[in-house]
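K.L.:
no FASTA, just this:
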């Protein structure tokens, strides 16, 4: 087994994916970055293709490591940072997304959020999650997918998502 010479990080951000390899004294040894497409289907809507993100994340990992001839067994660990409230719903059996990723700054769920607030649900949401009702968070995005993507609600009820 090779010495664990490096630590690494995946930075999957809003505009692209980066992989960085660090020496154990914190110096950057290698890095690679690829942008991904920003999709704007309607005003206020922002999406990403999850399969493009997956493919480019794999490419930057391979690219960064191959630049310096680093092997996977030389890594002591990999940290991951991501887009946080960007939301993807996957089919359990296929691993395929049922819809594009709805990005954290997307505002399409404003009506869902307003209904929750008007119905007096926000205090319960805050008590259970510590979060306010807002378009930023994943819950309303999941509700939008269930309500608007053909077959998603039925698939969720079957436990297929």
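P.N.:
Arrived safely, thanks for sending. These numbers come from a predicted model, not from an experiment. Residues are numbered from 1 along each chain as shown.
K.L.:
what is the mean pLDDT for stretch 5-16?
P.N.:
Mean per-residue pLDDT for stretch 5-16: 96.
K.L.:
mind listing the strands for this structure?
P.N.:
Using DSSP state E, the strands of the chain run over 6-12, 16-23, 28-35, 47-48, 75-81, 101-102.
K.L.:
Return the residues in contact with residue 19.
P.N.:
Contact partners of residue 19, counting by C-beta atoms under 8 Å, 6 or more residues apart in numbering, are 8, 9, 10, 11, 31, 32, 57, 60, 61, 63, 64, 65. Backbone N, C-alpha and C define where each C-beta goes, glycine included.
K.L.:
Quick check: bridge partners of it?
P.N.:
According to DSSP bridges, the partner residues bridging residue 19 are residue 10, residue 32.
K.L.:
per-residue confidence at it?
P.N.:
98.
K.L.:
picking up where we left off before, so can I have CSV of the contacts of residue 19 showing distance to residue 44?
P.N.:
Formatted as CSV, the contacts of residue 19 follow (distance: C-beta to C-beta, whole Å):
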residue, distance to residue 44
8, 36
9, 32
10, 29
11, 26
31, 33
32, 32
57, 27
60, 30
61, 33
63, 34
64, 35
65, 39
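K.L.:
Adding neighbour count and distance to residue 81, write those residues out as JSON lines.
P.N.:
Shown next, in JSON lines, are these (neighbours: other C-beta atoms under 10 Å; distance: C-beta to C-beta, whole Å):
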{"residue": "8", "neighbour count": "23", "distance to residue 81": "12"}
{"residue": "9", "neighbour count": "17", "distance to residue 81": "7"}
{"residue": "10", "neighbour count": "18", "distance to residue 81": "7"}
{"residue": "11", "neighbour count": "17", "distance to residue 81": "5"}
{"residue": "31", "neighbour count": "18", "distance to residue 81": "14"}
{"residue": "32", "neighbour count": "19", "distance to residue 81": "16"}
{"residue": "57", "neighbour count": "21", "distance to residue 81": "12"}
{"residue": "60", "neighbour count": "21", "distance to residue 81": "13"}
{"residue": "61", "neighbour count": "19", "distance to residue 81": "14"}
{"residue": "63", "neighbour count": "16", "distance to residue 81": "18"}
{"residue": "64", "neighbour count": "23", "distance to residue 81": "15"}
{"residue": "65", "neighbour count": "21", "distance to residue 81": "18"}
